[in-house]
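Asks: Here is my input; please provide its structure:
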Amino acid sequence: MTALSVFGVDIGGSGIKGAPVDLERGALAEPRHKVLTPHPASPESVVAVVKEIVDHFGHRGPVGLTFPGVVVGGHTRTAANVNEGWIDLDAEGLFRETLDLPSTVLNDADAAGLAEVSYGAGRDQGGVVLMLTFGTGIGSALFVDGTLVPNTELGHLELRGKDAERRASAAARERHELSWADWSVRVDEYLDLVERLFSPQLVIIGGGVSRKHEKFLPLLKDRPARVVPAELRNDAGIVGAAMAAAKGAS
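Replies: As a prediction, this is how the structure comes out:
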């Protein structure tokens, strides 16, 4: 399989983006193509956008797809930030049928974490590593000595009586019109919670907000875990999806 024959698609609550991926470098082989997530984000409407993105590149080969929720055996089990029609759906089968291509579906933060642990900020890091993606919600990927514990969904931990992502996601910052300083206080509170529960040695901050990490990471308090930005930034999900597609096709 050549490096350019694998494709990654990252399905998010606000945008769906995809590109061919060079797995030798762990980088996009071409600039990604992005389409706004349809509303409602029903399976039918999302699959149509994914097909548009794959067709945009004329891709014919394995496709990996991220999903913002729990994915077990290609079935999407939860749908916090997309349409409830995804719950208990054979998403892998639906994409495979519509695209007429080998398709692999996995949790979005797990995909981003796989990319960062293989190519980015988590490379060669032992012990407990936690990847957190701040976007429409908060995604999480937990690794122990490089092995993924899938579908942790730590954005749904309770913080002040509600889902943590309702208080500390990037969308919450925009929704409440918080300054970076005010938002960093909420992020610190969330990091306190996950650090108490999992004692990570390294926390990698990803998602779209990682492009602006200099605006908030320096504001976070010192803690036992090292907190660093994702090196692949918001491309990590696409790269991780392509990794999963290559593994599924091997």
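Asks: didn't residue 139 look like it was pressed against residue 68?
Replies: Yes: using Cβ atoms under 8 Å, residue 139 and residue 68 qualify as a contacting pair, with a distance of 6.9 Å. For the C-beta atoms, the positions are set from N, CA and C on the backbone; glycine is no exception.
Asks: can you list residues touching both of the two?
Replies: Common contacts of residue 139 and residue 68, defined by Cβ atoms under 8 Å, 6 or more residues apart in numbering, comprise 107-108.
Asks: what helix or strand is the residue of the chain positioned farthest from its centre on?
Replies: Farthest-out residue of the chain from its mean C-alpha position, per Cα atoms, centre = their mean: residue 222, at 25.5 Å. Secondary structure from DSSP states H and E places residue 222 outside every helix and strand.
Asks: One more: residue 55?
Replies: Residue 55 belongs to helix 43-56, assigned by DSSP H and E.
Asks: Next secondary structure element downstream of that helix?
Replies: Next helix or strand after helix 43-56 toward the C-terminus (DSSP H and E): strand 63-67.
Asks: Tally up the residues packed near residue 180, please.
Replies: Residues lying near residue 180 (other Cβ atoms under 10 Å) number 16.
Asks: Could you do residue 108 as well?
Replies: Residue 108 has 29 neighbouring residues, counting by other Cβ under 10 Å.
Asks: what are the bridge partners for the closest residue to it other than its chain neighbours, then?
Replies: In space, and not counting its chain neighbours, residue 108 is closest to residue 66: 3.8 Å by Cβ to Cβ, 6 or more residues apart in numbering. In this structure, residue 66 bridges to residue 10, residue 106 when assessed by DSSP bridges.
Asks: Alright, that wraps it up for me.
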